[in-house]
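Q: What would the 3D arrangement of this be:
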Amino acid sequence: MARQFVPGYQLRAGWGIEHALLSKFMQETYEELFPGRNFSHVPKAVEQFLSSQTPLWWVEVEEQTSGSDYLTPLPPPVGCLWMGNAIDQIGGDRNSHIFLVYVKPEHRRKGIGSALMRHAENWARQRGDRQISLQVFHNNDIALNLYQSLGYSSLSLWMVKPLNPKAE
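A: Here you go, the predicted structure:
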C-alpha cells in the first residue's frame, strides 16, 4: 500500500520479487557516475543481498485515481531506498546501512532524497539502532552535500589498488 510521501509523490514498500527493477535502478545510479562502464554484475549482487532482512521502498508519482485494484499496473518508480545491516567495526553494534538511495534526475530538487533519508533514519530508530551508515563515491558532490547537510560525517576512507592494472 502506498502513502503520500512528499507532495505529488507516494512511497510504497517493495517486494522481494523486484530484483530486475532494483538492478535497473542500481545500474542507472552507477552509469550516471561512471558513464560507459559495464555494470552487468549488478543483478548478481541484488540477487545475493535482496531479502526480507533488506527492505526496499519505491517512490512513485502520486496517482490521481481513488482506489486501486491488483489488475492496474503500478506507476513506474522515480526513486528508491534499499536498506540493510552492517556491524560497526569500532563498537561492534549492528546498525542500519543504506545500500541505495536514488532519485531519477527529472525528479530531483523536490525533497524526495531528504525524505528518503528521513524514512531510512526512522526505520533504523524503530529497530533500535543507534546509528546509520552509507557509502558514497567521492565524486558524487550532490549526494555528499545532501548527506552532510543531514548530519552525516566521514568515519573511514575506502581505498583500493588495482593488482593487475591495464596497460595504457
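
Q: Now do the helices in this protein.
A: Under the criterion DSSP state H, helices of the chain are mapped to 19-33, 42-49, 112-126, 141-149.

Q: want to try JSON lines for these, with mean neighbour count and distance to Val78 as columns?
A: For glycine as for every other residue, the C-beta is placed from the backbone atoms N, C-alpha and C. Shown next, in JSON lines, are the helices of the chain (neighbours: other C-beta atoms under 10 Å; distance: least, C-beta to C-beta, whole Å):
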{"stretch": "helix 19-33", "mean neighbour count": "17", "distance to Val78": "10"}
{"stretch": "helix 42-49", "mean neighbour count": "14", "distance to Val78": "19"}
{"stretch": "helix 112-126", "mean neighbour count": "17", "distance to Val78": "8"}
{"stretch": "helix 141-149", "mean neighbour count": "14", "distance to Val78": "16"}
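
Q: Would you format those as TSV with distance to Gly91 and mean pLDDT included?
A: Below are those laid out as TSV (distance: least, C-beta to C-beta, whole Å; pLDDT from 0 to 100):
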stretch	distance to Gly91	mean pLDDT
helix 19-33	29	95
helix 42-49	23	93
helix 112-126	15	97
helix 141-149	21	95
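
Q: and Ser96, which of these is closest to it?
A: Nearest to Ser96 among these is helix 112-126; the distance by C-beta to C-beta comes to 3.6 Å.

Q: As CSV, could you dump the C-alpha coordinates of that closest one?
A: What follows is helix 112-126, C-alpha atoms only, in CSV (Å, rounded to 0.1, in the frame of the first residue of the first chain):
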residue,chain,number,x,y,z
ILE,A,112,12.5,13.3,-2.3
GLY,A,113,16.1,12.5,-1.4
SER,A,114,15.8,14.2,2.0
ALA,A,115,12.5,12.4,2.7
LEU,A,116,14.0,9.0,1.8
MET,A,117,16.9,9.7,4.2
ARG,A,118,14.4,10.6,7.0
HIS,A,119,12.5,7.4,6.2
ALA,A,120,15.7,5.4,6.5
GLU,A,121,16.6,7.1,9.8
ASN,A,122,13.1,6.4,11.2
TRP,A,123,13.2,2.8,10.1
ALA,A,124,16.6,2.4,11.9
ARG,A,125,15.3,4.1,15.1
GLN,A,126,12.2,1.8,15.1
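
Q: Might one say that Ser96 is in contact with Met117?
A: No - here Ser96 does not reach Met117: they are 11.6 Å apart, not a contact under C-beta atoms under 8 Å.

Q: of all the helices of the chain, which lies closest to Gly84?
A: Once these are compared by C-beta to C-beta, helix 42-49 is nearest, at 6.6 Å.
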